[in-house]
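Q: this one's sequence-less:
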C-alpha cells in the first residue's frame, strides 16, 4: 500500500469519488435562518407528522436519503451501502430509517463528526472498488437531543451564553465512482483529543482542540497552506470554539482566519434567533454541507473547501461520572475540479 | 470496480488481510464457563479497579487493544486505524479508550454486530491499500448494559426463560496486510430486518431473521454450500434464536444445522450458570471469536469459518415508544489458508 497514505492520518484518494447529489431537510427555526434558501425542504413543525421527536428525526433522515437518491437519478436498489449515524442512543434515527430503505447498512457513531466520518469511509469504499454508489447521511433534532442530553424541554432551563443550539436537520450525500464532481480528494481521520473541559454546555471549547489537531495534521500531511482552500469550515464549534481553533492553529504556524468559518455560526443569526454561541448537532454540518456548501460549489462560487466535522464524544453517564469531554474531528477536502478531470 | 463485488451484499477481498493477533479479556462469570481456557485474561471482579462499571468496560476495551497490539509485535504508533464500538450510549467505552490510545479512530455502532462490522470495514480499508495495520475491537459489560437497557441490578427483576445474559468481555483483533492467516476472505454486509418482535428480552428471536437473511445472501452470492465451512457461527442468538435461524434457512433450502453453533450458547453453561437462553452483548461474539475460534484456527482444528455477528438495533426510547426491534447481521468468512498462500 503506502502510496495512498500521506503521513499518519491523511489519505489521498486515487480516483476521487464525486458527490453526485445532496439533499437537506431542516426544522422551522433553521428555515428562518440565513441559509434558508439553500435547504431543499423546511418543516412546518418539528414533529413532521409523527407522534414523537425521535420518530420525526428518523423520518427526516429517511426522507433526506430517499430524496438524495432521487436527485441522483438512481434507484434505492442501485445503492451499495448506507453509511449513517446520529446522536440518539443506539443511533435509532439511522437504524429505523435503514429498516425502511433495505440497503446494506453500516452504522457509525462520531457524534457531530459523523457527516465527515461517513464521507471518509464512503470515499475509501468507492475509491477501493467495493462500491459504485453510497449514501452518507446524518441527522439531529433539537428536541430529541435536549431531552436525551440535558433536561426536559418543559422544564425551561436557562442556557448559558456560550451554549449552542442543536440543529433540527438532516443532510444526505450520494457518492459515486462516476461523476463530474465535486470530488472528495483527501480525507484526514482524527484522533480523540481531550483538553479536560467538563461543562457539557461548552461543546465548542471541548471540540476546538480536536478540530485544530486535525486541520494541522491535514495541512502538514498534504503540504497545503490554509490559503489553498476557498473555505475551511468546521462543523459546529460556533463562536466560542471558532476563536479557540484560530488561536491553537496560530501556535502551530497556521493563520486560517481569512478563509475560516463554522457551520454552527453560519446556520443561525445568533442575535435574532437567540441561539447564543451557534448551532450544533450532527444535522448542523450535514445540512450546511449538503445545502449551502454543495450548492455554492455547484454554482462555482466555491471551488476548494476543507470540511471538518467535529464531535464531542461524551454521554450523560460519562458526565455524571465526572469525566471530561473527549472530542474528535475528521476532515474532508472537496474540490470542484481535479487535475486531469474537468 | 465490480470485480470485488459478488451480488448485492458480498465482497471478495482481493488480497485477504490476516488476523495477526487477538486478545480477550472477560469477567468472572465468563471465566467460569466452558471456554475459560481460551480467554487471555479473566477479571476477578467486574469493577476492574475502577469506580464504575462503565469505566471498567472502557478499561477492558483499552486493555484488549493494548495487549492485542503487543501480541502482534507492533507498537501503538504502527496502527493506522482503531475501529471500535460498544453498546453504551454514545459508545463511551470505545471513545474513552481511543482517547488514551491516540490512534486515528472511526467509531462504529452495530449493537452486537459490531465485531463483524469492524472486521468488515477494516478488511476493506486494508485490502484497498488505505492501511497496513488496523485494530478492530468491541466490548460489553453485564452490569453497565443491564442498567442502561433494563433495570437497576439492585431491583432484582426476574428474567424470563428466553432472556439472554450480557457478556462482560472485550475482544480485539489486529488485522494486517502482511500475515500468514487466518485470512478474512469474504465479507457480507447485512440489511436491517425487522419481523415485528417487541419484547426486549427476546433478542434471539428478533435477531434470527437478520442472521438468516445475511447467511442466505452470503451462500447465494459466493456459491458456497453450508458444508464448505467447518463452522458457521452466529454472534449471540442463543438457544431460542438458533432454532429460528435453522428453520428460516431450511425454507431457503440451506441445511446448516450440522455445522452451526452460536457464541451465546458456547460461552456459558446455560443450566449450571443460570444464563437462560445464553450469552449476548458485543463482548460475546468478540470474546468467542478472538478467544476460542482464533485459537482453534491457529491449532488447525478449524480451517474455514463463517462468523456472523448479530445486532438488535433498539434503544430503550424506541421500545417505550412501541417500536419493534430492527436487527442486522454481518458475515465474515475466515480461512486458515487461501489458494496460492500457505
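A: Here it is on my side, so go on. What you see is a predicted model, and the numbers here were worked out from it, not measured in a lab. Numbering: from 1, shown residues only, chains lettered A, B, ... in the order given.

Q: CA only for contacts and neighbour counts going forward, please
A: Will do.

Q: residues contacting residue A:61?
A: A:93-94, A:97, A:137-139, A:170-172 (C-alpha atoms under 8 Å, 6 or more residues apart in numbering or on different chains).

Q: buried residues in the helix or strand encompassing it, which are they?
A: In this structure, residue A:61 sits in helix A:53-72 according to DSSP states H and E. Residues of helix A:53-72 classed as buried: A:53-70, A:72 (neighbour count, 16 or more other C-alpha atoms under 10 Å in any protein chain shown).

Q: picking up where we left off before, narrow the contacts of residue A:61 to those in strands?
A: In this view, the contacts of residue A:61 that belong to strands under DSSP state E are A:137-139, A:170-172.

Q: for the worst-scoring helix or strand of chain A on mean pLDDT, buried residues please.
A: Every helix and strand in chain A was compared by mean pLDDT, DSSP states H and E; the lowest is helix A:270-273, with a mean of 90. Buried residues in helix A:270-273, counted by 16+ other C-alpha under 10 Å: residue A:270.

Q: ditto for stretch A:331-342
A: For stretch A:331-342, a neighbour-count test (16+ other C-alpha under 10 Å) marks A:331-338 as buried.

Q: repeat for stretch A:307-321
A: Result for stretch A:307-321 [16+ other C-alpha under 10 Å]: buried residues A:307-315, A:317-318.

Q: what's the closest non-adjacent residue to the closest residue to chain B within the stretch 201-342 of chain A?
A: Using C-alpha to the nearest C-alpha, the closest approach of the stretch 201-342 of chain A to chain B is made by residue A:315 at 5.8 Å. Excluding the flanking residues, the one nearest residue A:315 by C-alpha to C-alpha, 6 or more residues apart in numbering or on different chains is residue B:90, at 5.8 Å.

Q: my read: that neighbour touches residue A:316, true?
A: No. Using C-alpha atoms under 8 Å, residue B:90 makes no contact with residue A:316, being 9.1 Å away.

Q: which residues does stretch A:252-266 contact?
A: Contacts for stretch A:252-266 (C-alpha under 8 Å, 6+ apart): A:34-35, A:216, A:225-227, A:229-239, A:242, A:246, A:249-250, A:277-280, A:284-285, A:288.

Q: how close does residue A:48 sit to residue A:69?
A: The spacing between residue A:48 and residue A:69, counted by C-alpha to C-alpha, to the nearest Å, is 21 Å.

Q: re the thing from before, which of the contacts of residue A:61 tops the neighbour count?
A: residue A:138 (40 neighbours; other C-alpha atoms under 10 Å in any protein chain shown).

Q: run a quick check on it versus residue A:86, I expect a contact.
A: Yes. Here residue A:138 reaches residue A:86: they are 5.4 Å apart, a contact under C-alpha under 8 Å.

Q: what count of nearby residues applies to the nearest residue to residue A:268 once chain neighbours are set aside?
A: Nearest residue to residue A:268, sequence neighbours excluded (C-alpha to C-alpha, 6+ apart): residue A:33, at 4.9 Å. Residues contacting residue A:33 under the criterion other C-alpha under 10 Å number 16.

Q: list phi and psi for residue A:33.
A: Dihedral angles phi and psi of residue A:33 (degrees, to the nearest 10) take the values phi -90, psi 180.

Q: ok, now which ones touch it?
A: A:267-269, A:273.

Q: one more time with 7 Å, if that's ok
A: Residue A:33 is in contact with A:267-269, counting by C-alpha atoms under 7 Å, 6 or more residues apart in numbering or on different chains.

Q: make a ChimeraX selection of the buried ones in those.
A: Applying 16+ other C-alpha under 10 Å to these, the buried members can be selected in ChimeraX as follows:
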select /A:267,268,269
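
Q: could I get the contacts of residue A:33 in TSV, plus columns for pLDDT?
A: Converted to TSV, the contacts of residue A:33 look like this (pLDDT from 0 to 100):
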residue	pLDDT
A:267	98
A:268	97
A:269	95
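
Q: follow-up on the earlier one: let's see which of the buried residues of stretch A:331-342 end up in strands.
A: Among the buried residues of stretch A:331-342, the members falling in strands (DSSP E) are A:331-335.

Q: what parts of the stretch 201-342 of chain A come near chain B?
A: A:313-315, A:326 (C-alpha under 7 Å from any C-alpha of the partner chain).

Q: ok, the stretch 51-200 of chain A next?
A: A:80, A:89-90, A:92, A:95-96, A:98-99, A:102-105, A:107-110, A:128-130, A:189-193.

Q: low pLDDT regions in the stretch 101-250 of chain A?
A: The model of the stretch 101-250 of chain A has no residue with pLDDT under 70.

Q: the stretch 101-250 of chain A: strands as residue ranges?
A: Remark: strands assigned in the stretch 101-250 of chain A by DSSP state E, counting those that start in this stretch are A:105-107, A:133-140, A:164-166, A:169-176, A:183-188, A:231-234.

Q: I'd like those laid out as a markdown table, including distance to residue A:203.
A: What follows is those, written out as a markdown table (distance: least, C-alpha to C-alpha, whole Å):
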| stretch | distance to residue A:203 |
| --- | --- |
| strand A:105-107 | 24 |
| strand A:133-140 | 15 |
| strand A:164-166 | 8 |
| strand A:169-176 | 19 |
| strand A:183-188 | 22 |
| strand A:231-234 | 13 |
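
Q: what's the closest of these to residue A:149?
A: For the strands of the stretch 101-250 of chain A, proximity to residue A:149 was assessed by C-alpha to C-alpha; strand A:164-166 is nearest, at 10.7 Å.

Q: pretty sure residue A:188 sits against residue A:334.
A: No. Judged on C-alpha atoms under 7 Å, residue A:188 makes no contact with residue A:334 at a distance of 12.0 Å.

Q: could you list the domains of chain A?
A: The domain map for chain A lists A:5-176, A:184-335, with the assignment taken from automatic domain parsing.

Q: farthest residue from the center of chain A?
A: Residue farthest from the centre of chain A, counting by C-alpha atoms, centre = their mean, is residue A:155 at 29.3 Å.

Q: could you measure it against chain B, distance?
A: Residue A:155 sits 20 Å away from chain B when distances are taken as C-alpha to the nearest C-alpha, to the nearest Å.

Q: still on that earlier bit, let me know the next secondary structure element after the least confident helix or strand of chain A.
A: Following helix A:270-273 in sequence order, the next helix or strand is strand A:278-280 (DSSP H and E).

Q: which residues are in contact with residue A:25?
A: Taking C-alpha under 7 Å, 6+ apart, we find residue A:25 in contact with A:39-42, A:60, A:64, A:169-171.

Q: that should have said residue A:68, apologies.
A: So residue A:68 contacts A:21-23, A:172-174 (C-alpha under 7 Å, 6+ apart).

Q: switch to 6 Å and redo it
A: A:21-23 (C-alpha atoms under 6 Å, 6 or more residues apart in numbering or on different chains).

Q: likewise residue A:291?
A: A:24, A:38-39.

Q: where does it land on pLDDT?
A: For residue A:291, the model assigns a pLDDT of 98.

Q: just residue A:10 next, same as before
A: You'll see residue A:10 listed with a pLDDT of 98.

Q: near it, how many other residues are there?
A: Counted with other C-alpha under 10 Å, residue A:10 comes out at 26.

Q: can you tell me which residues contact the nearest residue to it once chain neighbours are set aside?
A: Take residue A:10 and drop its neighbours on the chain: the residue closest to it by C-alpha to C-alpha, 6+ apart is residue A:188, 4.2 Å away. Contacts for residue A:188 (C-alpha under 6 Å, 6+ apart) come out as A:9-10, A:218, A:330-331.
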